[in-house]
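**Q** Next one to model:
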Amino acid sequence: MLTIHVAEATPGAAVLVDGARVAAVGPYEELAQARPQARTRRWPGILTPGLLNPYGPELLEQTYHPDPREAATLGTEPLTGERARAVFRADPARRGASARRGVQRLLAHGTVAVAGELRDRAVVDAVRRAGLAVGRRPEVLPGPPSLSPVPLVLLPRLVAGGVARFAVFDVPDTEALVRRGAVTCVATVIDGRLVFRRR
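**A** Numbers count the residues shown, from 1 in each chain. Sure thing, here's the model as predicted:
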């Protein structure tokens, strides 16, 4: 199925998706005219190639992402350090479910790739199933592990024939994205599939 994704602040960089691949990148009017049968998805803000989060191991193997049903006892925010280790020691099977919830949090922040050596099989499976790319980790990490790391690492621009992997942020430009962070994500697409959409 052909789909054109276009964001209000970047109409000149609309993306035509055919299955899991980028069929074309260009002005919305040109893409819509060339492929009138394509479905159009309109988004606020800017369409970007998505983010690489360099903290894959820290966020997915060393952090516990509580199940919403555990909110009364563990809260809703990710647990790190000794609290996370205690949860994993008490029930190692929690690691897989935590990794899946962690991946969902990453997708909600426009992450389409992670970096760092992932060793836990349940974590590797969660990353693979979600379709997240695994990239090279920068030699110098920018700061503490975060779902919205500073500075943000944008992937290279989208090109025709490449994998349809990108994110949309509800900001007017990249400067505002840098200032306000990845919490402004409204949609994430991986392999042509809409894997996150802010309600």
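**Q** Could you pull out the helices in the protein for me?
**A** For the chain, the helices defined by DSSP state H cover 28-34, 56-60, 71-74, 81-90, 94-107, 121-130, 174-180.
**Q** Tell me which of these sits most buried.
**A** helix 56-60 (a mean of 23; mean count of other C-beta atoms under 10 Å). Yep, even glycine has a C-beta here, placed from its N, CA and C like the rest.
**Q** Pairing partners for Thr3 in the sheet, please.
**A** Val17, Arg39 (DSSP bridges).
**Q** and if you look at the one 4 residues further on?
**A** Note on Ala7: beta-bridge partners Trp43, judged by DSSP bridges.
**Q** ok, now how distant is it from Leu51?
**A** Distance check for Ala7 against Leu51: by C-beta to C-beta, to the nearest Å, it reads 15 Å.
**Q** Likewise for Phe196?
**A** From Phe196 to Leu51 the distance is 12 Å (C-beta to C-beta).
**Q** Can you name the residues bridging to Leu154?
**A** Beta-bridge pairing for Leu154 (DSSP bridges): Leu51.
**Q** Wait, it touches Thr48, no?
**A** Yes. Counting by C-beta atoms under 8 Å, Leu154 touches Thr48, with 5.9 Å between them.
**Q** who has more neighbours, the two?
**A** Neighbour totals were compared for Leu154 and Thr48, and Thr48 leads with 24 against 16 (other C-beta atoms under 10 Å).
**Q** pLDDT score assigned to that one?
**A** Looking at Thr48, its pLDDT is 97.
**Q** Kindly report the same for Met1.
**A** Looking at Met1, the pLDDT reads 84.
**Q** Touching, it and Arg41? I think so.
**A** No. Using C-beta under 8 Å, Met1 is not in contact with Arg41, being 11.5 Å away.
**Q** So those two - more neighbours on which side?
**A** Neighbours per residue, other C-beta under 10 Å: of Met1 and Arg41, the larger number sits with Arg41, 18 against 9.
**Q** dump the residue contacts of the more buried one.
**A** By C-beta atoms under 8 Å, 6 or more residues apart in numbering, the contact set of Arg41 is Thr3, Ile4, His5, Val6, Ala187, Leu194.
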